[in-house]
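mind folding the following:
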Amino acid sequence: MKSFWEEQARKHGQGVAAVNFDPLQEEFAMSLLEELVPDGIAVADVGCGNGRTVIDLVPGRPAARFAGYDFAESMVQVAEERRKELKIENARFFTFDATATALPAGAGHAFDMVIGKRLLINIKGNAKRQALRNIYDMLRDGGTYLMIECFIDPLERTNDARQALGLDRIKVKEFNEYLSAEFLKEVDRYFTTERVIDVASLYYFVSRVFNAALTDGPPDYFAPINQVAAKLTQAGVRPLAGYAPEVTYVLRKRVAPL
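Next up is the predicted model:
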């Protein structure tokens with residue numbers, strides 16, 4: 001799996017394709033983060049990829065301090081090169097495996113907020129628990145974890161709709177392991193849930209069901225119907241819920257794990 005992400009960084013550099021196959025969907029998470037990340041705090045992006053999230057957040061938050069961590073050295077290199085090119089002083093990028101048993105120097109209880117965008121789905125089995133513990137230990141008391149992850153149940157609902165139209169079921173990529181409702185019990189050991197935000201169900205249903213049914217061959221992410229659904233999503237129109245695998249949990253650190 002690490003070799004895949006190293007190659008993504010070498011192939012796509014700072015481009016969105018390095019971290020997401022669907023460029024329209026990637027913008028939904030960024031718009032949400034613009035709302036949820038305040039200025040003047042210390043923020044860690046764990047599993048930061050090529051640094052796009054941090055670099056996009058920095059301009060509106062001059063008083064904040066950012067640290068990006070990723071296990072793929074090529075991703076970190078791309079992020080640092082871009083940071084230096086833009087002369088960003090309030091962010092740094094570091095190599096760190098989120099499943100390691102020791103935190104990076106200076107990262108313990110150092111952050112008011114941790115962002116994890118599709119981090120846990122790239123970790124398999126029991127190693128997810130270590131990543132959760134590390135995020136917990138990186139946060140200051142009362143800190144916030146923005147868990148932006150993909151879940152298997154919404155994907156199965158979308159697949160049922162696809163199957164009704166004779167479309168193949170969407171398979172989880174071999175390097176991913178989507179989260180289950182059962183895994184949320186593990187999350188609850190370390191965090192309390194303040195908000196659950198489903199932004200993308202309209203877009204996901206339209207793009208993966210309607211667009212797929214109307215297209216011969218591989219669907220185009222930039223097809224007109226997808227762009228209409230994306231525009232409505234960005235405008236806050238959310239008539240559907242429970243169909244997009246990617247969901248955002250706003251979590252608060254517990255005083256002590258359960």
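
where's residue 70 relative to residue 4, distance?
Counting by C-beta to C-beta, to the nearest Å, the separation of residue 70 from residue 4 is 13 Å. In short, each C-beta sits where N, CA and C put it, glycine included.

give me the more crowded residue out of those two.
Comparing residue 70 with residue 4 by other C-beta atoms under 10 Å, the one with more neighbours is residue 70, at 28 against 12.

pLDDT wise, what is that one at?
For residue 70, the model assigns a pLDDT of 97.

give me the beta-bridge partners of it?
residue 95 (DSSP bridges).

residues in contact with it?
5, 47-49, 76, 79, 93, 95-96 (C-beta atoms under 8 Å, 6 or more residues apart in numbering).

kindly report the same for residue 201.
Neighbours of residue 201 in contact, by C-beta under 8 Å, 6+ apart: 154, 238, 240-244.

can you do 10 Å?
154, 157-158, 233, 238-247 (C-beta atoms under 10 Å, 6 or more residues apart in numbering).

drop anything exposed from those residues.
154, 158, 233, 243-247 (16 or more other C-beta atoms under 10 Å).

and which of these is nearest to residue 174?
residue 245 (15.9 Å; C-beta to C-beta).

okay but that closest one is in contact with residue 150, surely?
Yes. Residue 245 lies in contact with residue 150 (C-beta atoms under 10 Å); the separation is 3.9 Å.

on the three-state scheme, residue 67 is what?
strand (DSSP: H, G, I helix; E, B strand; the rest coil).

now do the buried residues in stretch 211-230.
Going by 16+ other C-beta under 10 Å, stretch 211-230 has these buried residues: 211-212, 219, 221, 223, 226, 229-230.

would you list these in a markdown table and tack on pLDDT and distance to residue 31?
What follows is the buried residues of stretch 211-230, written out as a markdown table (pLDDT from 0 to 100; distance: C-beta to C-beta, whole Å):
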| residue | pLDDT | distance to residue 31 |
| --- | --- | --- |
| 211 | 96 | 21 |
| 212 | 95 | 24 |
| 219 | 78 | 23 |
| 221 | 91 | 17 |
| 223 | 95 | 21 |
| 226 | 97 | 16 |
| 229 | 97 | 14 |
| 230 | 97 | 11 |
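
turn the residues you listed into CSV, including secondary structure and distance to residue 83.
Converted to CSV, the buried residues of stretch 211-230 look like this (DSSP: H, G, I helix; E, B strand; the rest coil; distance: C-beta to C-beta, whole Å):
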residue, secondary structure, distance to residue 83
211, helix, 36
212, helix, 38
219, coil, 35
221, coil, 28
223, coil, 34
226, helix, 32
229, helix, 33
230, helix, 28
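
picking up where we left off before, list the ones among the buried ones among the contacts of residue 201 that fall in strands.
Of the buried ones among the contacts of residue 201, the ones assigned to strands by DSSP state E are 246-247.

residue 115: which of the buried ones among the contacts of residue 201 is nearest?
Taking the buried ones among the contacts of residue 201 together and measuring to residue 115 by C-beta to C-beta, the closest member is residue 246, at 13.7 Å.

give me the nearest residue to that closest one, chain neighbours excluded.
residue 150 (5.1 Å; C-beta to C-beta, 6 or more residues apart in numbering).

direction included, what does the helix or strand containing the one you found pair against?
Counting by DSSP states H and E, the element that carries residue 150 is strand 139-150. Here strand 139-150 has these sheet partners by DSSP bridges: strand 111-117 (parallel), strand 246-253 (antiparallel).

sounds good, over and out.
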